[in-house]
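1. Have a look at this prediction, sequence included:
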Amino acid sequence: GAVVSQHPSWVICKSGTSVKIECRSLDFQATTMFWYRQFPKQSLMLMATSNEGSKATYEQGVEKDKFLINHASLTLSTLTVTSAHPEDSSFYICSARVERYTGELFFGEGSRLTVL
Amino acid sequence: DAKTTQPPSMDCAEGRAANLPCNHSTISGNEYVYWYRQIHSQGPQYIIHGLKNNETNEMASLIITEDRKSSTLILPHATLRDTAVYYCIVRVESYGQNFVFGPGTRLSVLP
């Protein structure tokens, strides 16, 4: 199957700093990527849809100025958590769709953010 | 997208078949049934999907009822590594559409 890679897999930062998470499609091009967030013992919640070459579409309740998404190429989308606070600590997961594979959405390994 | 209902948790003995049910009584004719699983602290993994017919691959089998209002994911010989949260999702086949995850079923495979 197609491979989606995230980096870093885990990060610890101080409150007030910004953290960037990268999501790469390794063997295919993805015009659309999705960013999810998952708190402990909860399901995945969609944060935003990342569109190559255009602005991301954010879900209701997700602050676009806090969670900056850039999808500058067909193989890379980045999520930057700006001025992170402890409540932003979570598991962030990206995903991408491959047209040649009917239907499936492929997910990255996830990035665990801990804000101290 | 149609809503799905799954039991919150299930146990299965190692080596036995694990049968995970999913109700999707409001599914529409152009919605597919997808199954993903998530092992602790990892991203979701695609398992299988189908529209009307039963499907089988190297990981599992998907049985969809004739009225399409429910389905069952079958892991034929469960191993300890199959312990995970299993998500049943129904959605229209569309490139730009995301997947909406419910709470899923936490499957525990017991030795």
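-> Great, that's in hand. This is a predicted model, so every value here is computed, not measured.
2. in what helix or strand does the nearest residue to B:L51 once chain neighbours are set aside lie?
-> Take B:L51 and drop its neighbours on the chain: the residue closest to it by CB to CB, 6 or more residues apart in numbering or on different chains is B:Y32, 5.2 Å away. C-beta coordinates here come from the backbone N, C-alpha and C atoms, glycine included. Secondary structure from DSSP states H and E places B:Y32 in strand B:31-38.
3. ok, back up a step: list the contacts of the residue nearest to B:L51.
-> Residues counted as contacts of B:Y32 (CB atoms under 8 Å, 6 or more residues apart in numbering or on different chains) are A:G103, B:H49, B:G50, B:L51, B:V90, B:R91, B:V92, B:E93.
4. Note down every partner strand of the strand holding B:Y32 and its orientation.
-> strand B:45-50 (antiparallel), strand B:84-92 (antiparallel) (DSSP bridges).
5. Tell me which residues are up against the longest one.
-> Spelled out, that is strand B:84-92. A:43, B:1-2, B:4, B:6, B:20, B:22, B:24, B:27-28, B:30-40, B:44, B:47, B:71, B:73, B:97, B:99-102, B:104-107.
6. tell me the contacts of A:S18?
-> Each residue near A:S18 by CB under 8 Å, 6+ apart is listed here: A:T80, A:V81, A:T82, A:S83, A:A84.
7. Please repeat the previous calculation with a cut-off of 10 Å.
-> A:S18 sits next to A:K66, A:L68, A:T80, A:V81, A:T82, A:S83, A:A84 when contact means CB atoms under 10 Å, 6 or more residues apart in numbering or on different chains.
8. most neighbours, which of these?
-> A:V81 (24 neighbours; other CB atoms under 10 Å in any protein chain shown).
9. mind listing the helices for chain B?
-> With DSSP state H, there are no helices along chain B.
10. got any ranges where chain A has weak pLDDT?
-> Across chain A, the ranges flagged by pLDDT under 70 are A:1, A:99-103.
11. let's go with 90 and repeat that
-> Where chain A drops to pLDDT under 90, the residues are A:1-3, A:27-32, A:41, A:50-55, A:71-74, A:96-106.
12. Near chain A, which residues of chain B are found?
-> Selection of chain B residues close to chain A by CB under 10 Å from any CB of the partner chain yields B:32, B:34, B:36, B:38, B:41-51, B:85, B:87, B:89, B:91, B:93-104, B:106.
13. Mark which of those residues are buried, thanks.
-> Among the residues of chain B next to chain A, those buried by neighbour count (16 or more other CB atoms under 10 Å in any protein chain shown) are B:32, B:34, B:36, B:38, B:42-44, B:46-50, B:85, B:87, B:89, B:91, B:98-101, B:104, B:106.
14. What are the boundaries of the strands in chain B?
-> B:9-13, B:18-23, B:31-38, B:45-50, B:55-56, B:61-64, B:70-75, B:84-92, B:105-110 (DSSP state E).
15. Tell me what angle the strand holding B:Y32 forms with strand B:105-110.
-> Relative orientation of strand B:31-38 and strand B:105-110, computed by axes from the mean of the first three to the mean of the last three CA atoms, to 10 degrees: 50 degrees.
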